[in-house]
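In: Take a look and give me a structure for this.
(one chain, ligands or ions: 2)
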Amino acid sequence: MKDAEQKSLCPEAEKAQLPQKRVQTEKVSAPKFAKSEKTPVEPTDPNAMLEVQHLTKRFGQLVVLDDISEKIVQGEKVAIIGPSGSGKSTFLRCLNVLEDPTDGYVFFEGNNLCDLKVDINIQRRRMGMVFQQFNLFNNMNVLKNITLAPVHVGLQDLRKIKRKNFFTKISNLFRGKNKKRALLPVETTAKEIRENAVNNAMRLLERIGLADKASAYPSTLSGGQRQRIAIVRALAMNPKVMLFDEPTSALDPEMVGEVLELIKELADEGMTMVIVTHEMGFAREVATRVMFMDGGKIVEQGPPSEVFGAPKNERLKDFLSKVL
Ligand SMILES: Nc1ncnc2c1ncn2[C@@H]1O[C@H](COP(=O)(O)OP(=O)(O)OP(=O)(O)O)[C@@H](O)[C@H]1O
Ligand SMILES: [Mg+2]
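Out: Numbering: from 1, shown residues only. Ligands and ions are numbered 1, 2, ... in the order given. Reported below is the predicted structural model:
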């Protein structure tokens, strides 16, 4: 927790919330051309919200994700469990391409996120991510933390429209009377974008009972409050899916409940979510499907009653005997 407090800027949060230039840290497969027959470039299920095909991630010689093919449909609440180092976080980070897959594909609503032609920032806007260490910007108050990304994205879109209209106007000067191109409608103003973001943030803060903390700085809040604000910050982008990476494991025990309660509320409202967790009771209660990962593979999965009640895989049995 101390580490997170000391960071003035959080690269993870920055990457998750704000548009980024796509940086390729290593060679990834060229998505337009299938390298082998087993590598499709279309999702197998157009209705899946998230789909991975032959997802593989290697760090040097270390194979962290080993040819995983899986899909997650709207409304599912998937809990990922497994021993430390089994690849859970890497799998989650590959889902929104915070980590570039070494091989394979990730589709979000049918869009291939590994295709360098796909604007990853536009796709990521609809994928909320919450980390273990909150990753709030400690140099900004709570309200600014929540409104930063929506305002940035709103202004960016507005600028794009204005820029397009500017060039259309210029090219229209050289067009005949009946050949002039129509301008794009400008439906909002910078002031409105900021006001809407603030109103939305305040509505979300009221919902979690923290409206009075809008002008407080993260360092003055408890871990539970900070994590709930991190969740609200992700919600402010109106995501279609929420990805949680052990959202309660950095919290003092008495604060775990309030964060799980908020996540459960979101689940009850129908939010699609993937949550890496060590809270087995929570996974059993909230998840519609539990995946057990070991050695970079999903070695068993199913409804919580089966995974916890009648595990088949020996490694899962061993894991459960240690954590339950
Ligand atoms: N950036 C990296 N560079 C090199 N190795 C990495 C990197 N990120 C993860 N790994 C390695 O990949 C493996 C899987 O890591 P990952 O964080 O996905 O595991 P995990 O299942 O989330 O574990 P935990 O429960 O401890 O969080 C580990 O052996 C880890 O050391
Ligand atoms: Mg992890």
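In: where does the protein have low pLDDT?
Out: By pLDDT under 70, the low-scoring segments of the chain are 1-40.
In: Close to ligand 1: what parts of it are there?
Out: 59, 62, 64, 82, 84-90 (CB under 6 Å from any ligand atom). Every residue, glycine included, has its C-beta placed from N, CA and C.
In: Can you select the buried ones among these for me in ChimeraX?
Out: Buried residues among the residues of the chain next to ligand 1 (16 or more other CB atoms under 10 Å), as a ChimeraX selection:
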select :64,82,86,87,88,89,90
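In: Between which two of the residues of the chain next to ligand 1 is the distance greatest?
Out: Spanning the widest gap among the residues of the chain next to ligand 1 are 59 and 82, at 17.5 Å by CB to CB.
In: circling back: nearest to residue 129 among the residues of the chain next to ligand 1?
Out: Closest to residue 129, out of all of those and judged by CB to CB, is residue 89, at 11.0 Å.
In: returning to that earlier point: switch the residues of the chain next to ligand 1 over to JSON lines; also include secondary structure.
Out: Converted to JSON lines, the residues of the chain next to ligand 1 look like this (DSSP: H, G, I helix; E, B strand; the rest coil):
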{"residue": "59", "secondary structure": "strand"}
{"residue": "62", "secondary structure": "strand"}
{"residue": "64", "secondary structure": "strand"}
{"residue": "82", "secondary structure": "coil"}
{"residue": "84", "secondary structure": "coil"}
{"residue": "85", "secondary structure": "coil"}
{"residue": "86", "secondary structure": "coil"}
{"residue": "87", "secondary structure": "coil"}
{"residue": "88", "secondary structure": "helix"}
{"residue": "89", "secondary structure": "helix"}
{"residue": "90", "secondary structure": "helix"}
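In: Specify which member of the residues of the chain next to ligand 1 is nearest to residue 237.
Out: Among those, residue 89 lies closest to residue 237 (CB to CB), at 21.1 Å.
In: And the nearest residue to that closest one once chain neighbours are set aside, how close does it get to residue 55?
Out: Once flanking residues are discounted, residue 89 sits nearest to residue 245: 5.4 Å by CB to CB, 6 or more residues apart in numbering. Counting by CB to CB, to the nearest Å, the separation of residue 245 from residue 55 is 17 Å.
In: the more surrounded of the two?
Out: A direct count of neighbours by other CB atoms under 10 Å for residue 245 and residue 55 places residue 55 higher, at 25 against 21.
In: With adjacent residues omitted, what lies nearest to the more buried one?
Out: residue 104 (4.0 Å).
In: Off-centre distance for the helix or strand encompassing the one you found?
Out: Per DSSP states H and E, residue 104 falls inside strand 103-108. Distance, stretch centre to chain centre, for strand 103-108: 15 Å (CA atoms, centre = their mean, to the nearest Å).
In: so what strands line up beside it?
Out: Counting by DSSP bridges, the strands paired with strand 103-108 are strand 48-59 (antiparallel), strand 111-112 (antiparallel).
In: Kindly compare burial across these and name the winner.
Out: Highest mean neighbour count of those: strand 48-59, a mean of 21 (counted as mean count of other CB atoms under 10 Å).
In: How about residues contacting that strand?
Out: Applying CB atoms under 8 Å, 6 or more residues apart in numbering, the contact partners of strand 48-59 are 38-40, 43-45, 63-74, 76, 87, 90-91, 94-95, 99, 101-109, 240-241, 272, 274, 296.
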